[in-house]
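*Asks:* attaching a predicted model along with its sequence, questions to come.
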Amino acid sequence: YQIITAAKDTYFMLLFIFLWLVEVSAADQSPYERGQQALQRGDYELALQHFHLARQSQPDRVDSYTGLGYAYSQLGQYENAIQSYQQALRLDARSSQAHLGLGYIAYRQGRFDDAIRSYQVVVDHGVEGLAEAYHNLGRIYAARNEIERAITAQKAAIAAKPDFAEAHYHLGSLYSRQRQ
């Protein structure tokens with residue numbers, strides 16, 4: 001009985017120390033970092049809270065606005081997402097993440113011409129997000145039955161990111177459609 005009691009006491013002491021360390025390390029993180037972690041966990045409401053705090057403490061930090069835009073878009077709050085991405089672009093007109101986000105929303109809403117314009121900015125000026133922009137352009141061209149353009153875009157996505165499995169998959173699907 002004494003061994004069990006001592007083991008329980010040790011367990012609870014270790015648990016307390018672990019939880020204290022987690023709390024201390026979380027306190028050392030910036031609101032932006034906590035927002036990123038919430039995004040990774042899929043907790044978009046919590047991410048919004050942290051990105052709003054990050055925006056207040058660093059109003060010129062572009063990625064706080066793109067984080068807000070992404071979280072809002074995942075919650076289906078497209079107008080708020082658009083406003084956040086547009087604010088990011090006011091701070092940095094070449095923000096790949098903002099253009100990709102606006103392109104995603106336009107694509108989801110069936111506004112393909114707007115999506116193409118957003119993705120094309122990334123293609124013309126971006127390094128970050130280049131593979132995703134080409135891939136998304138390819139999906140739009142495929143939806144419009146512009147198979148040659150879609151194939152070219154998927155090849156460019158793969159050239160930018162050779163291990164991009166989804167682009168490989170879509171390229172294969174396009175070749176299959178082309179043969180029919």
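*Replies:* Thanks, I have it.
*Asks:* so where's this protein shaky on pLDDT?
*Replies:* Counting by pLDDT under 70, the ranges of the chain that qualify are 1-28, 126, 180.
*Asks:* now the most centrally placed residue in the chain: which helix or strand?
*Replies:* The central residue of the chain, meaning the one whose C-alpha is nearest the mean C-alpha position (C-alpha atoms, centre = their mean), is residue 70 at 5.9 Å. Remark: residue 70 resides in helix 62-74, with elements defined by DSSP states H and E.
*Asks:* repeat for residue 59
*Replies:* When elements are defined using DSSP H and E, residue 59 is found to belong to no helix and no strand.
*Asks:* got the contact list for it?
*Replies:* Residues near residue 59 by C-beta atoms under 8 Å, 6 or more residues apart in numbering: none. For every residue, glycine as well, the C-beta is placed using N, CA and C.
*Asks:* residue 44 too?
*Replies:* 38, 71-72, 74-75.
*Asks:* can you select the buried ones from those in ChimeraX?
*Replies:* Selecting only the buried entries of those in ChimeraX, with 16 or more other C-beta atoms under 10 Å as the criterion:
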select :38,71,72
